[in-house]
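# okay, predicted coordinates and the sequence, questions at the end:
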Amino acid sequence: MSSHEAFYTHSTDLRDLSHPIVVLRSTSEPLTLRVPQVGDLQALIDVLANPENTKNDLSVASLSAEEREVVCRRWLTLDDPRTYMNFIVLDTERGREEPVGIAGLGWIGPAGTGSDESVRVGAAGVMMNPEARRKGYGTEGLKMIIDYGLRELGLVEVRVGTHSSNIAMRRLMEVKLQMEPEVEEKGDRFGNDLLWRINQENWSSLR
């Protein structure tokens, strides 16, 4: 277990990628992020099935029920090298773990075409159930994901993308993290036209 400036702690055991153990615990909020286990499957599916959660995320908004289950089952394991690492978000305020969302690195891969395979970047995001919003959980969860990706997974950059109409994510990134986005006129294949790039240098100044 290690800690980063009293921000969060983590427990990581990746010896068995079919049953990975990665747990991130906030030191300031009643919040735990955990790579999901079989018992978390229905909670994951429920988060993705809620249209209020997915309306700004075209990568999952159009999935069928069967496709949602396939995606969520995939998150129960990890691969090597890592191409994703997603977490179930747990509210521990009442002394028990209550699933309230999903956060993670939905994609991890080479920094660019033809680049060294060992130089890797990730795409981060967070999705909170309506009842868990406006508590700071989304901000805290995304900060833990970014930090873990840069420090523990050795990513050279973590990217956060969204559509300009996603006011909640823009407020998180622009107001709470005080980062200005790059504007992409055409957007990516999921319709995201705003992109934030976080690396060790600018993250250290923010933290």
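Everything's here; your move.
# buried ones in the strand ranked longest in the chain?
For the chain, the longest strand by residue count, based on DSSP state E, is strand 98-110. Residues of strand 98-110 classed as buried by neighbour count (16 or more other C-beta atoms under 10 Å): 98, 99, 100, 101, 102, 103, 104, 105, 106, 108. Backbone N, C-alpha and C define where each C-beta goes, glycine included.
# quick one: list the elements packing against it.
On a contact count with 3 or more C-beta pairs under 8 Å, 6 or more residues apart in numbering; DSSP states H and E, strand 98-110 meets helix 41-49, strand 85-91, strand 120-128, helix 137-151.
# the first one vs strand 85-91, what angle?
What it means is helix 41-49. Orientation check (axes from the mean of the first three to the mean of the last three C-alpha atoms, to 10 degrees): helix 41-49 against strand 85-91 gives 90 degrees.
# got the CA coordinates for helix 41-49 in PDB?
Written as PDB, here are the backbone C-alpha positions of helix 41-49 (Å, rounded to 0.1, in the frame of the first residue of the first chain):
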ATOM      1  CA  LEU A  41     -21.600  -7.100 -12.200                       C
ATOM      2  CA  GLN A  42     -25.300  -6.100 -11.900                       C
ATOM      3  CA  ALA A  43     -24.400  -2.800 -10.300                       C
ATOM      4  CA  LEU A  44     -22.100  -2.000 -13.300                       C
ATOM      5  CA  ILE A  45     -24.900  -3.000 -15.700                       C
ATOM      6  CA  ASP A  46     -27.400  -0.800 -13.800                       C
ATOM      7  CA  VAL A  47     -25.100   2.200 -14.100                       C
ATOM      8  CA  LEU A  48     -24.700   1.800 -17.800                       C
ATOM      9  CA  ALA A  49     -28.500   1.100 -18.300                       C
END
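# for it, what is the average pLDDT?
Across helix 41-49, the average pLDDT comes to 98.
# pick out the residue nearest the middle of the chain.
The centre of the chain sits closest to residue 104, judged by C-alpha atoms, centre = their mean, with a distance of 2.2 Å.
# what count of nearby residues applies to the nearest residue to that one once chain neighbours are set aside?
Leaving aside its chain neighbours, residue 104 sits nearest to residue 86 (3.3 Å; criterion: C-beta to C-beta, 6 or more residues apart in numbering). By the criterion of other C-beta atoms under 10 Å, residue 86 has 22 neighbours.
# against residue 175, how distant is residue 86?
25 Å (C-beta to C-beta, to the nearest Å).
# residue contacts, the nearest residue to residue 99 once chain neighbours are set aside?
Closest residue to residue 99 apart from its sequence neighbours, by C-beta to C-beta, 6+ apart: residue 43 at 3.7 Å. Neighbour list for residue 43: 36, 88, 99 [criterion: C-beta atoms under 8 Å, 6 or more residues apart in numbering].
# got it, and residue 102?
Counting by C-beta under 8 Å, 6+ apart, residue 102 has contacts 44, 47, 48, 86, 87, 88, 89, 126, 127.
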